[in-house]
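# Here is my input; please provide its structure:
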Amino acid sequence: MSVTTDETVTRSESTGPAPAEKPQRRGFFAAGLYIPYALLLPAVVALVGVLAYPLYSLFDLSFKNVNRYAYLVNPSLSKYIGFDGYTKIFTDDQFWEVVLRSIYFTAELVVLSMVLGMLIALLLNRVSNWVKVTVITVLMFVWAIPALVTGQVFRWLFSSNGGVVDYLLFEITGDESWKHYDWFADPTVGLYVVGAAVIIWGALPFLVLGLNAALTQVPKELMEAAKLDGATGLQAFRHVTIPVIRPFLMISAALSFIWDFQVFAQIFSLRNTSPEPGYWTIGTYLYQKGIVASKYSDSSVISLAMILMMLAVLVFYIRQMLKIGANER
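Sure thing, here's the model as predicted:
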């Protein structure tokens, strides 16, 4: 028979149960800490294997004076010229004009495509299922059309001779000047209106479908609580919906910038494979230097500058995503 004293009870209450020993890690993949890195390793190796040599060749070519003649006819003329190629490109006023035009054009495309994509995605949440299925089917069909075909179709739509857009504007306004209005005479109108319409048309399917899926992840309880607190629809969207879908907004904006900054096929097709200098963005400018003029070294410098500009945006995007992840912990 055991006797429990007050001293024993007090000692047991003060000490409590013995702490459980932490399990010892065994092996490289203990506790699953290294499994994500192991799964990412094949993709990293594949990317390095595919991109390492082309990037090295591009970097090496930027320090030479290689063109079509030197490459095909007399390779002995190709020689290293140091940073002369960089000096030539970076002191060229046309290069900086193209860069600024590309930045303005990309900003327009990203803002308009994101806003229109969000508006359409919000509308899809307010329509019946058969309307939503119909719209999604049409969007998937638009997405499946090649960019060159889309550019050709829009060139016909905005044609000054029998174009559908000119005809509709004439019927709506009754103004005879719309009958044969040339949308491409002024590169500013042709690029920032028609060119933007072509590219946004092709970008909307991805954005609408992605944003519509992101909006379904917004908890209905939060929206109902915001309405009970007296928030308007716009306030609820700003303070509830936007914070929830912010990660996808960051991803889609970054991807849109990358796609739009290097756009080529739509403008190339829209101007019937011969874009004028006023239509040159960084992608078409690179084509003119590297393919049309066969200045391979100059085009390699432009390519590296283009890559660095996109990397700068990606660094900003990654930092923002890390901040969002840290705030959610």
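# and the residue positioned nearest the centre of the chain, what element?
Nearest to the mean C-alpha position of the chain, by C-alpha atoms, centre = their mean, lies Leu255 at 1.7 Å. Using DSSP states H and E, Leu255 sits in helix 242-261.
# could you point out which element follows that helix?
helix 265-270.
# Show me what that next one is in contact with.
146-152, 154-155, 190-191, 194-195, 198-199, 202, 275, 279, 281, 283-284, 287 (C-beta atoms under 8 Å, 6 or more residues apart in numbering). C-beta: built from backbone N, CA, C; applies to glycine.
# mean confidence score for it?
Helix 265-270 shows a mean pLDDT of 92 in the predicted model.
# returning to what we had before: what residues sit buried inside the helix holding Leu255?
Neighbour counts over helix 242-261 (16 or more other C-beta atoms under 10 Å) mark 244-246, 248-250, 252-257, 259-261 as buried.
# Could I have the buried ones of the contacts of helix 265-270 as PyMOL selection syntax?
Those of these that count as buried under 16+ other C-beta under 10 Å are selected in PyMOL with:
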select buried, resi 147+150+151+152+154+155+190+191+194+195+198+199+202+275+279+281+283+284+287
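# Flag the shaky bits of the chain, pLDDT-wise.
When residues are selected by pLDDT under 70, those of the chain lie in 1-33, 68-76, 324-329.
# Leu40 sits in which helix or strand?
Here Leu40 is assigned to helix 35-61, by DSSP H and E.
# returning to that earlier point: so which of the contacts of helix 265-270 belong to helices?
Using DSSP state H, the subset of the contacts of helix 265-270 located in helices is 147-152, 154-155, 198-199, 202, 283-284, 287.
# Among the residues you listed, find me the one that's closest to Leu169.
Nearest to Leu169 among the ones in helices among the contacts of helix 265-270 is Phe154, at 15.3 Å by C-beta to C-beta.
# Look up how far Val292 lies from the residue nearest to that closest one when sequence neighbours are not counted.
Of all residues not flanking Phe154 in the chain, Val198 sits nearest, at 4.6 Å (C-beta to C-beta, 6 or more residues apart in numbering). Computed as C-beta to C-beta, to the nearest Å, the Val198 to Val292 distance reads 22 Å.
# Likewise for Lys132?
45 Å.
# Looking at those two, which is more packed in?
In terms of neighbours (other C-beta atoms under 10 Å), Lys132 is the more surrounded of Lys132 and Val292; the figures are 15 against 10.
# you'd agree that one is in a strand?
No - counting by DSSP: H, G, I helix; E, B strand; the rest coil, Lys132 is not part of a strand but helix.
# Go ahead and confirm it touches Leu124.
Yes - between Lys132 and Leu124 there is a contact under C-beta atoms under 8 Å: 5.2 Å.
# any common contacting residues for those two?
Joint contacts of Lys132 and Leu124 (C-beta under 8 Å, 6+ apart) do not exist.
# Give the closest residue to Leu112 in space, chain neighbours not counted.
Using C-beta to C-beta, 6+ apart, the closest residue to Leu112 is Ile200 (5.7 Å).
# residue contacts, the residue nearest to Phe154?
Val198 sits next to Thr150, Gly151, Phe154, Gln266, Leu270 when contact means C-beta under 8 Å, 6+ apart.
# Closest one to Ile172 out of these, please.
Using C-beta to C-beta, these come closest to Ile172 at Phe154, 19.3 Å.
# do you know how far that closest one is from Gly85?
Look at Phe154 and Gly85: by C-beta to C-beta, they are 36 Å apart.
# same question, Leu47
Leu47 is 27 Å from Gly85, by C-beta to C-beta.
# For the two, indicate the residue with more neighbours.
Gly85 (22 against 10).
# Confirm that that one sits in a helix.
Yes - according to three-state DSSP, Gly85 belongs to a helix.
# Surely it and Asp298 touch.
Yes - using C-beta under 8 Å, Gly85 is in contact with Asp298, at 6.5 Å.
# Just give me the neighbour total for Ala231.
So Ala231, with other C-beta under 10 Å, has 16 neighbours.
# From Ala225, how far off is it?
Distance, Ala231 to Ala225, using C-beta to C-beta: 9 Å.
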